[in-house]
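>>> The sequence and its predicted three-dimensional model are supplied below.
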Amino acid sequence: MRRAHRKIEYVVYSTDGTEWTWDAYPKKYYVNGSPLHGTVNGTEADAVKACEAAIDKAFDEKTN
């Protein structure tokens, strides 16, 4: 399912319900245009938190 945080679309998915992968696709206007990617063990909520934290970090680095 596609989600959005800070106007950046991202997806989280898992094949086994334990290891979750997330991918975010920022537009060049917002951050740097590079896709963000990561994995986390836990729940879907953990993956959402990790992805949104990575998006926040990308924004913070861009504005500093």
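Arrived safely, thanks for sending. Residues are numbered from 1 along each chain as shown.

>>> which regions of the protein lie under the pLDDT threshold?
Scanning the chain for pLDDT under 70 picks out the ranges 28-33, 62-64.

>>> which SS class is the residue nearest the centre of the chain?
With distances taken as CA atoms, centre = their mean, the chain has residue 51 as the residue nearest its mean C-alpha position (2.9 Å). Of the three states, residue 51 takes helix under DSSP: H, G, I helix; E, B strand; the rest coil.

>>> so it sits right up against residue 20, yeah?
No. Look at residue 51 against residue 20 with CB atoms under 8 Å: they stay out of range, at 9.1 Å. Backbone N, C-alpha and C define where each C-beta goes, glycine included.

>>> Now do the shared contacts for those two.
residue 12 (CB atoms under 8 Å, 6 or more residues apart in numbering).

>>> Check which helix or strand residue 17 maps to.
For residue 17, there is no host helix or strand (DSSP states H and E).

>>> What of residue 10?
Here residue 10 is assigned to strand 8-14, by DSSP H and E.

>>> got the CA positions of the helix or strand following that strand in PDB?
The C-terminal neighbour of strand 8-14 among helices and strands, as given by DSSP H and E, is strand 19-24. The C-alpha trace of strand 19-24 is given here as PDB (Å, rounded to 0.1, in the frame of the first residue of the first chain):
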ATOM      1  CA  GLU A  19      11.400  -8.700   7.900                       C
ATOM      2  CA  TRP A  20       9.900  -5.500   6.300                       C
ATOM      3  CA  THR A  21      11.300  -3.500   3.500                       C
ATOM      4  CA  TRP A  22      10.500   0.100   2.700                       C
ATOM      5  CA  ASP A  23      11.200   2.300  -0.300                       C
ATOM      6  CA  ALA A  24      10.600   6.000  -0.600                       C
END
